[in-house]
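J.: Got a sequence here, can you build the structure:
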Amino acid sequence: MSATQNFTTGTISTWWDSGYAYREQITLTAPASKDVPSGYPVKLTIDHAALYSAGKSQQDGDDIRIVYWNGSGFVEIDRTLFNNNLTGSSWNQSDTIIMFKTQAAIAADESDSGYYVYYGNGSAASPPTDALSSRYFVAESLTETQTSSTTPVTKVSLTFTPTDTSEQWVVVGSWRQRRTDSNDQYAGESQFLVNSVLRTGTSQVGYRQAANRHLPMY
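T.: Below you'll find the predicted structure:
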């Protein structure tokens, strides 16, 4: 889920913290056919380089704070830089991406405009940056391997540290097999290992290309 920003016009007259000179309102909108639950991760892209060059934000982003108006008061939200294991966002960029979690459910096709980005505090330090309970990682290999061995070869690996023992992870993988000669007698298999251990039985994650399947040569 992503967010849109709008310069606030004082819809909420209360200012969260007088030490911050600026704020922008964030509107979150749920898809037309799907509710967004509380705690759902949101990606927000900001031009932090422009804020820093204008003297409106610290170079290290410590003054960038996400705050939610819950109807009676402001609540500061943990936020962290986006990192998917292939690319990681950083401060002082024109497309800095930060992530935070929704604080209330949003019904399908409805919006919540209670979120704000506060910034412009030269003395701000130690923002809340706890890792999110839902994160995205990507790992890929664009190289080709040719082998007649029946021993699997590691093509790509992904390392991350769960933040909670109750986390559930969805792993998605894809691969392509192609023939390099006119022999149709071949088979291929792909598999996942978790902590260097092959998943087996009902927990096995993998897929197989059976022998004698005729694939076009390309």
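J.: Just the strands from the chain, written as ranges.
T.: 4-7, 22-29, 41-46, 65-69, 74-77, 80-81, 96-101, 111-119, 188-191, 193-194, 197-198, 206-209 (DSSP state E).
J.: residue contacts, Ile77?
T.: Ile66, Val67, Tyr68, Phe100, Lys101, Gln103, Tyr115, Pro128 (CB atoms under 8 Å, 6 or more residues apart in numbering). Every residue, glycine included, has its C-beta placed from N, CA and C.
J.: re the thing from before, nearest to Thr143, out of the strands of the chain?
T.: Nearest to Thr143 among those is strand 188-191; the distance by CB to CB comes to 14.7 Å.
J.: And the pLDDT for the nearest residue to Pro37 once chain neighbours are set aside?
T.: Residue nearest to Pro37 in three dimensions, not counting chain neighbours: Ala105, with 5.3 Å by CB to CB, 6 or more residues apart in numbering. pLDDT for Ala105: 95.
J.: Roughly how far does Ala105 sit from Tyr40?
T.: 9 Å (CB to CB, to the nearest Å).
J.: how about Arg79, what does it touch?
T.: Arg79 sits next to Ile64, Arg65, Ile66, Ile98, Met99, Phe100, Pro127, Pro128, Thr129 when contact means CB under 8 Å, 6+ apart.
J.: so which of these comes closest to Tyr20?
T.: Nearest to Tyr20 out of these is Arg65 (CB to CB; 7.1 Å).
J.: Report how many residues lie close to that closest one.
T.: Close neighbours of Arg65, defined as other CB atoms under 10 Å, add up to 22.
J.: for the one 10 residues further on, same thing?
T.: Residues within reach of Val75, counting by other CB under 10 Å, total 13.
J.: before we move on, back to that, of all the strands of the chain, which lies closest to Thr151?
T.: strand 188-191 (10.9 Å).
J.: Now distance to Thr150 and mean pLDDT too, for the strands of the chain, in CSV please.
T.: Listed next are the strands of the chain as CSV, based on distance: least, CB to CB, whole Å; pLDDT from 0 to 100:
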stretch, distance to Thr150, mean pLDDT
strand 4-7, 52, 46
strand 22-29, 50, 95
strand 41-46, 40, 92
strand 65-69, 51, 97
strand 74-77, 51, 96
strand 80-81, 43, 92
strand 96-101, 42, 93
strand 111-119, 54, 96
strand 188-191, 9, 68
strand 193-194, 16, 76
strand 197-198, 14, 78
strand 206-209, 12, 58
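J.: And Ala105 and Tyr40? Which one has more around it.
T.: More crowded of Ala105 and Tyr40, by other CB under 10 Å: Tyr40, with 19 against 14.
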